[in-house]
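Colleague: I would like to see how this sequence folds:
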Amino acid sequence: QVQLVESGGGSVQPGGSLRLSCTASGFTLSSGTVGWFRQAPGKEREFVSALRGTTGGTDYLESLKVRFTISRDTGKNTVYLGMTSLKPEDTAVYYCAAAIRTLYRSDASSETQYTYWGQGTQVTVSS
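Modeller: As a prediction, the model looks like this:
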């Protein structure tokens, strides 16, 4: 049974930083692709970033690539999303997802390509 567990969310003031974690059990993240998505209140879920386990290659939503960084610790079977200079519009539930194959840009940003999903972690940016 595959489980993805996100952690690291919370409340932060504008300009602050957070690092989200996505830890998997029952699946080796380095064998596929891990994506981060987010859903703000009243909006559709959107792609944030992805990391290809086999190559280490990454993709980002263009507007976030300066402030967000995806990384991994293969020994811990964990993928991270580092977020800096947070803005109120970054407030959302952040989800990690895992695909069992290597996904490239056009697929990596598509929710339908991911098989496993975590429960989400809330990030609130407010003064």
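Colleague: ranges for the strands of the chain?
Modeller: Under the criterion DSSP state E, the chain contains strands at 3-7, 10-12, 18-25, 33-39, 46-52, 58-60, 68-73, 78-83, 92-99, 116-117, 121-125.
Colleague: for Ser110, find the nearest of those.
Modeller: For Ser110, the closest of the strands of the chain is strand 46-52, at 7.6 Å, according to C-beta to C-beta. Where C-beta positions appear, they are placed from N, C-alpha and C, glycine not excepted.
Colleague: then the closest one to CSV, C-alphas only?
Modeller: The C-alpha trace of strand 46-52 is given here as CSV (Å, rounded to 0.1, in the frame of the first residue of the first chain):
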residue,chain,number,x,y,z
GLU,A,46,-2.6,24.0,-10.0
PHE,A,47,0.8,22.6,-10.7
VAL,A,48,3.7,24.0,-8.7
SER,A,49,6.8,21.8,-9.3
ALA,A,50,7.9,18.3,-10.2
LEU,A,51,11.1,16.3,-9.8
ARG,A,52,12.0,13.3,-12.0
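Colleague: what pairs with that strand, and is each one parallel or antiparallel?
Modeller: strand 33-39 (antiparallel), strand 58-60 (antiparallel) (DSSP bridges).
Colleague: if we can go back for a sec, so which of the strands of the chain comes closest to Ala108?
Modeller: strand 46-52 (3.9 Å).
Colleague: buried residues in that closest one?
Modeller: For strand 46-52, burial by neighbour count (16 or more other C-beta atoms under 10 Å) applies to 47-52.
Colleague: widest-spaced pair of those residues?
Modeller: The distance between the two most remote of the buried residues of strand 46-52 (C-beta to C-beta) is 15.0 Å, for Val48 and Arg52.
Colleague: rewinding a little: distance to Ser109 and mean pLDDT added to the strands of the chain, as CSV?
Modeller: What follows is these, written out as CSV (distance: least, C-beta to C-beta, whole Å; pLDDT from 0 to 100):
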stretch, distance to Ser109, mean pLDDT
strand 3-7, 18, 97
strand 10-12, 25, 98
strand 18-25, 17, 97
strand 33-39, 8, 98
strand 46-52, 4, 97
strand 58-60, 7, 96
strand 68-73, 13, 97
strand 78-83, 15, 98
strand 92-99, 11, 98
strand 116-117, 15, 98
strand 121-125, 19, 98
